[in-house]
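Asker: What follows is a predicted protein model with its sequence.
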Amino acid sequence: MNREEIIARVREAAERVAESEGLEVVEVELHGSGRRRVLRVYIDKPDGVSLRDCENVSQQLSAILDVEDLVPGGSYTLEVSSPGVERKLARPRDFERFVGRKVKLVLRKPVEDQRYWEGVLASFAQGVVTLEPGPGRRLQVPLEHIERANLKFEW
């Protein structure tokens, strides 16, 4: 079983647990190899994730992973946490949820000779992100042209 298949199986199990707790799974990652593998599950909810939320998901998911042997090959470390203040945006619903917030985008190909953009997420409709990089400026980028997107926390 390859890494992507393991991640897909773990995501499905994590989503079952998260849904029962009123949470969403933001991302699942598997890093390392052998005894140094780390399985990370990022969870979120509208009013933020508590330590108790992470503990509950970790305990329930750990039991499922062990019983269903979803991560073959021996040992790994399971980490369940919040995606953080500069959380990744990947799915259409992420972009819909955070309209009005400041974001940073890395594009697959430059637009106006730039691959890196920051600004306010003005809208998301029909697979197109509209970014306001400055007053009176709008940049429209199809979702498939975005390599990476994150919320931008302002200190």
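Answerer: Looks like it came in fine.
Asker: Which residue ranges of this structure form helices?
Answerer: Shown for the chain, the helices assigned by DSSP state H span residues 3-20, 51-68, 92-97.
Asker: Figure out which of those is closest to residue 104.
Answerer: helix 92-97 (13.1 Å; C-beta to C-beta). Every C-beta, even on glycine, is put in place using the N, C-alpha and C of the backbone.
Asker: Against the centre of this protein, work out the most remote residue.
Answerer: residue 136 (29.8 Å; C-alpha atoms, centre = their mean).
Asker: how close does it sit to residue 111?
Answerer: The gap separating residue 136 from residue 111 is 17 Å, by C-beta to C-beta, to the nearest Å.
Asker: Alpha carbons only: can I get stretch 15-25 in PDB?
Answerer: Extracted in PDB, the C-alpha atoms of stretch 15-25 (Å, rounded to 0.1, in the frame of the first residue of the first chain):
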ATOM      1  CA  GLU A  15     -13.500  12.200   9.300                       C
ATOM      2  CA  ARG A  16     -15.800   9.600  10.900                       C
ATOM      3  CA  VAL A  17     -14.400  10.500  14.300                       C
ATOM      4  CA  ALA A  18     -14.300  14.300  13.700                       C
ATOM      5  CA  GLU A  19     -17.900  14.400  12.400                       C
ATOM      6  CA  SER A  20     -19.100  12.700  15.600                       C
ATOM      7  CA  GLU A  21     -17.400  15.400  17.600                       C
ATOM      8  CA  GLY A  22     -18.600  18.300  15.500                       C
ATOM      9  CA  LEU A  23     -15.200  18.900  13.900                       C
ATOM     10  CA  GLU A  24     -13.800  18.800  10.400                       C
ATOM     11  CA  VAL A  25     -10.600  17.200   9.200                       C
END
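Asker: can you give me phi and psi for the residue farthest from the centre of the chain?
Answerer: Dihedral pair for residue 136: phi 80, psi 0, per degrees, to the nearest 10.
Asker: Show me the strands in the protein, by range?
Answerer: In the chain, the strands defined using DSSP state E lie at 24-31, 38-44, 77-81, 102-111, 114-125, 128-134, 137-142, 146-151.
Asker: Point out the most buried one among those.
Answerer: Comparing the strands of the chain by mean neighbour count (mean count of other C-beta atoms under 10 Å), strand 38-44 ranks first with a mean of 20.
Asker: other SSEs contacting that strand?
Answerer: If you count contacts as 3 or more C-beta pairs under 8 Å, 6 or more residues apart in numbering; DSSP states H and E, strand 38-44 packs onto helix 3-20, strand 24-31, helix 51-68, strand 77-81.
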